[in-house]
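**Q** here is a sequence together with a model predicted from it:
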Amino acid sequence: MKKNILGIFILLVAIFVITAMINPKFLNAYNMQNLIKWSSLYAVMSLGVAFVIITGGIDLSIGSVVGLVAVVLSICLKLEGMDPWSAIGITLALSLLIGFLHGVLITKAKVQPFVVTLCGLLVYRSMGRWLTDNQSIGPIPLEGDAGYANLEQIQGLDFVFSGKIAIGSFNLPTPAIFLFVLCIAAAIFLRRTIWGRYLFALGNNEEGTRYSGIDTDRMKILAYVLCSFFAGIAGILFAFELDSVQPAQTGEFYELYAIAAAVLGGCSLRGGEGTVLGVVIAAAVIRLIYNSINMVGISTHLEFGILGLVILLGVIGDEFLKKTVARKQAAQKA
Amino acid sequence: MGAVSSPYLEVKELRKSFPGVLALKGVSLSLAEGEVLALIGENGAGKSTLMKILAGVQPADEGDFQVKGEAVSFRSVNDAMDKGIALIHQELNLCGNLDLASNVFLGREPTRGGLIDEPTMRREARKYLDLVGLDLPVETIAGSLPIGKQQLVEIAKALSSNARVLIMDEPTSSLSQKETETLFGVVKDLREKGISVIYISHRLGEVIELADRVTVFRDGENAGDLAGDEINHNNMVKLMVGRDLSEFYDRKVHESGSIVLNVDQVCTPAFPASSLSLEVKSGEIVGIAGLVGAGRTELLQTIFGVTPALAGTIEICGELLALDNPRTAIKAGIALAPEDRKQHGLVLPMSVRENTSLPSLKRDANRGWLNDAAEAKVTNTAVKSMKIKTPTNEQIARFLSGGNQQKIVLGKWLAMKPKLLMLDEPTRGIDIGAKREIYKLMEKLAGEGMAILFVSSEMEEILGMADRAYVMHEGTIAGELDRDQLSEESIMHLATGNLVAA
């Protein structure tokens, strides 16, 4: 397995340095906190989809899962007045169920991942809109809401999921801590457990892995469950971060950012490749590009165009780098 | 023949190196018009590299290369085609969704006013298909043909581009006996018409039948040439490996023990209408002979649980098993070294270590945590006992030779200590040195009491290795032959559907 993250890391540093040189405000604490926060939120989703991409699959429903989870959480907390921890439990269970459903449809009913999750994208989005009658809603109850009795607890959760922890004069956004923990867990899972090894193996050669006595169906289901679970966690983080969830918009296109980050971070859509660190750095690069466009004063209408080009060039550069490294390694053996 | 005076194609002192490997250390070869030249040598001897240079797939570093006395250097396959040299690939390159005429003229379609001139294309295609003895309509979809016929289409395609030299790399590796005979007929026919053929094969019997001359490579150098009566098994092997063939199959007779595998009235999904029964005892090496397509691979896959049986029972050591996937089979002590090594046997982009430990990972794991020490031990044991030639355990399996890849497959199963080892074409695409090691290993495992069941299309392998053989024909077992009944004739009789009183 290639741990080829040097290229993406250089890209991160380059954009960072250039932006800082053009606009020194880029480096101020507030902007940095924001950048870390948004990078973390995106990276959580990207990590999730990386599991699926490593198996050679794809998940297009992430954005809609984020939206639905945020909506369901808000309803549970604000309108239903549910016990906050139960509400969290229910939303996470919902995301696990969604992932399990995807996995079963893909492995047992043999529907293509693209199709299953594309339908998921449509269904979960419309469920969120239907549940709220397409009205925006947030997790924090106001006076008169059923959840108002739990206000104190919910505000506690708000701090946990979207607060800031002062470290000296720097305020570290809590999503960064979530990301850190999830990162370590994901890295350990992928590199130190047999299931991680199985995911890589089946991503490279599913039949060969099955012939080695591995339950490839179960492993694929696991990958989709993990993906939706990470999207679920991201959904909770976003709900508290945004305060107001728009059922029609929250999470829209997020799956594409997540997939872009995974690919830019070294996952091959053919499967069998990918590193946690690469994906996280790539997610940060994507957020950084947004931030830089603002900071440098480029028209925001160009956001998508620049993003698209950077991802394209990044992936091409990565392929180039891999080939060079492979050639050097081969030459060394001489 | 005039080959010496005016060769059609001649290379001298050709060199080619890849990063880290000197593949050709100055090889020479000449080919006369209308000559069938066999190029043989162990894997890694440089045969394929030279062929790729001749066909313009890659350039040589230095050396002389002449076609009809004129120095050439090809920069692309098209350059080579212009000089009448065409490579028939080991993996066929037809578009399975197009018809024969379209395939023959793919990329060179006759046009009229910018549109494909269908009638001309069909007429011309007909001509070339006849040349290779294919009497199928030109509208036949290529993908619907068996592999042997596809190969003939491939040859027709080369001929249609005015090829004068055909390079065939292991053309018979996936052909049945009959298809092979047809191909040989075509090759002999083309020779009469003045077309030259360079023929690469591991199958020495075919070389004896077909070749006018044999050039042998060893380690990127010429090891010698043979012509006429000199072309025989011993001479070829001697040149290829620099040693004798005598101890190739030194089978000892084993005391067979209790029944390990008992297959009773099993129907495989490939041949639902026929059922078959067989048994293998411990310490026994049992062969399954038959033509390609007789259902041998499907039988092994059913025993291994890949394609569960439709009816009948399979017992391992007297225990009835519901084999519906490889996991249950492996748990019961069955291992399969599959025919398609790259697709089913290995995870090519992964390392020797990761491949070797794949089946035993779970057994050795501690609540799901990888056990590095156990993994290293499994790998080291396999590398040592199988004599896997790899720079390190971290080498990617894709970069090893076919022989070493097969050794990884065997190594990973031996770590599971199976009761029954099934091998499907165990030495296909493997050089002679590795072949012998694999035979020795089968011998040793049988001696230790393992039951071994192997499928082989190579007659010599069945005759040399099997204590007993089943011969399959169209999904059924046509007969069972004991060691003293085994002969080329008895096997062919059964394999072609002539039931003889055994």
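**A** Yes, it's here.
**Q** ok, which stretches of chain A are strands?
**A** For chain A, strands defined by DSSP state E occupy the ranges A:164-167, A:170-173.
**Q** in a markdown table: those, plus mean pLDDT.
**A** Listed next are those as a markdown table, based on pLDDT from 0 to 100:
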| stretch | mean pLDDT |
| --- | --- |
| strand A:164-167 | 92 |
| strand A:170-173 | 93 |
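**Q** and the closest residue to B:I388 other than its chain neighbours, how many residues sit next to it?
**A** Closest residue to B:I388 apart from its sequence neighbours, by Cβ to Cβ, 6 or more residues apart in numbering or on different chains: B:K407 at 4.7 Å. C-beta here means a position set from N, CA and C on the backbone, and glycine is covered the same way. Residue crowding around B:K407 was assessed by other Cβ atoms under 10 Å in any protein chain shown; the count is 28.
**Q** would you map the helices across the stretch 201-334 of chain A?
**A** A:206-211, A:216-242, A:254-264, A:276-296, A:303-332 (DSSP state H, counting those that start in this stretch).
**Q** pLDDT on the second one, on average?
**A** Same thing as helix A:216-242. Per-residue pLDDT over helix A:216-242 has a mean of 97.
**Q** what are the buried residues along it?
**A** Across helix A:216-242, burial judged by 16 or more other Cβ atoms under 10 Å in any protein chain shown covers A:216-217, A:219-242.
**Q** which strands and helices sit next to it?
**A** Under the contact criterion of 3 or more Cβ pairs under 8 Å, 6 or more residues apart in numbering or on different chains; DSSP states H and E, helix A:216-242 touches helix A:29-54, helix A:62-74, helix A:84-107, helix A:151-162, helix A:174-192, helix A:194-204, helix A:206-211.
**Q** for chain B, give me the ranges with low pLDDT.
**A** Applying pLDDT under 70 to chain B flags the ranges B:1-5, B:19-21, B:43-44, B:90-92, B:241-248, B:250-251, B:498-502.
**Q** write out the residues of it neighbouring chain A.
**A** By Cβ under 8 Å from any Cβ of the partner chain, the residues of chain B that approach chain A are B:18-21, B:304, B:306, B:325-327, B:329-331, B:336, B:338, B:343-350, B:354, B:358-359, B:361-362, B:365, B:368-370, B:391, B:412.
**Q** these, buried ones only, as a PyMOL selection?
**A** Command for PyMOL that selects the buried part of the residues of chain B next to chain A, burial taken from 16+ other Cβ under 10 Å:
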select buried, chain B and resi 304+306+325+326+327+329+330+336+338+344+345+346+347+348+349+350+354+358+359+361+362+365+370+412
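**Q** what segments of the stretch 101-250 of chain B are strands?
**A** B:111-112, B:115-116, B:165-169, B:196-200, B:213-218, B:221-227 (DSSP state E, counting those that start in this stretch).
**Q** save those strands as JSON lines, and put in mean neighbour count too.
**A** Compiled in JSON lines, these are given as follows (neighbours: other Cβ atoms under 10 Å in any protein chain shown):
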{"stretch": "strand B:111-112", "mean neighbour count": "10"}
{"stretch": "strand B:115-116", "mean neighbour count": "10"}
{"stretch": "strand B:165-169", "mean neighbour count": "24"}
{"stretch": "strand B:196-200", "mean neighbour count": "24"}
{"stretch": "strand B:213-218", "mean neighbour count": "23"}
{"stretch": "strand B:221-227", "mean neighbour count": "16"}
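**Q** before we move on, back to that, ok, which of the helices of the stretch 201-334 of chain A comes nearest B:E255?
**A** B:E255 lies closest, by Cβ to Cβ, to one member of those: helix A:206-211, at 32.0 Å.
**Q** next one: that closest one to chain centre, how far?
**A** Relative to the centre of its chain, helix A:206-211 is centred 29 Å away, using Cα atoms, centre = their mean, to the nearest Å.
**Q** is it up against chain B anywhere?
**A** Yes. Counting by Cβ under 8 Å from any Cβ, contacts between helix A:206-211 and chain B involve A:207-211.
**Q** by neighbours, which of the residues you listed wins?
**A** That'd be A:Y211 among those, by other Cβ under 10 Å, with 29 neighbours.
**Q** pLDDT at that residue, what is it?
**A** 96.
**Q** and the particular helix or strand that has the residue nearest to B:I388 in it, what does it pack onto?
**A** Taking DSSP states H and E as the definition, one finds B:K407 inside helix B:402-414. Helix B:402-414 sits against strand B:334-337, helix B:352-357, helix B:372-386, helix B:432-447, with contacts defined as 3+ Cβ pairs under 8 Å, 6+ apart.
**Q** what is the last one packed up against?
**A** What that stands for is helix B:432-447. helix B:233-241, strand B:285-290, helix B:402-414, strand B:451-455, helix B:459-465.
**Q** count of neighbours near whatever residue of the stretch 101-250 of chain B ends up closest to chain A?
**A** In the stretch 101-250 of chain B, the residue found nearest to chain A is B:G220; the distance is 14.4 Å by Cβ to the nearest Cβ. Using other Cβ under 10 Å, B:G220 has 23 other residues around it.
**Q** B:R15: what secondary structure?
**A** strand (DSSP: H, G, I helix; E, B strand; the rest coil).
**Q** circling back: tell me the most buried of the strands of chain A?
**A** Of all the strands of chain A, strand A:170-173 carries the top mean neighbour count, a mean of 18, counting by mean count of other Cβ atoms under 10 Å in any protein chain shown.
**Q** for A:E303, which of the helices and strands packed on helix A:216-242 is the nearest?
**A** Here helix A:29-54 is closest among those (Cβ to Cβ), at 13.6 Å.
**Q** so how far is the helix or strand where B:S48 lies off the chain centroid?
**A** Per DSSP H and E, B:S48 falls inside helix B:47-54. Relative to the mean C-alpha coordinate of its chain, helix B:47-54 is positioned 18 Å out (Cα atoms, centre = their mean).
**Q** can you list contacts of it?
**A** By Cβ atoms under 8 Å, 6 or more residues apart in numbering or on different chains, the list of residues contacting helix B:47-54 from outside reads B:9, B:11, B:14, B:16, B:23-24, B:27, B:29, B:39-41, B:58-60, B:65, B:74, B:80, B:85, B:87, B:165, B:167, B:169, B:198, B:200, B:217, B:220.
**Q** quick one, which of these are buried?
**A** By 16+ other Cβ under 10 Å, these give B:9, B:11, B:14, B:16, B:23-24, B:27, B:29, B:39-41, B:60, B:65, B:74, B:80, B:85, B:87, B:165, B:167, B:169, B:198, B:200, B:217, B:220 as buried.
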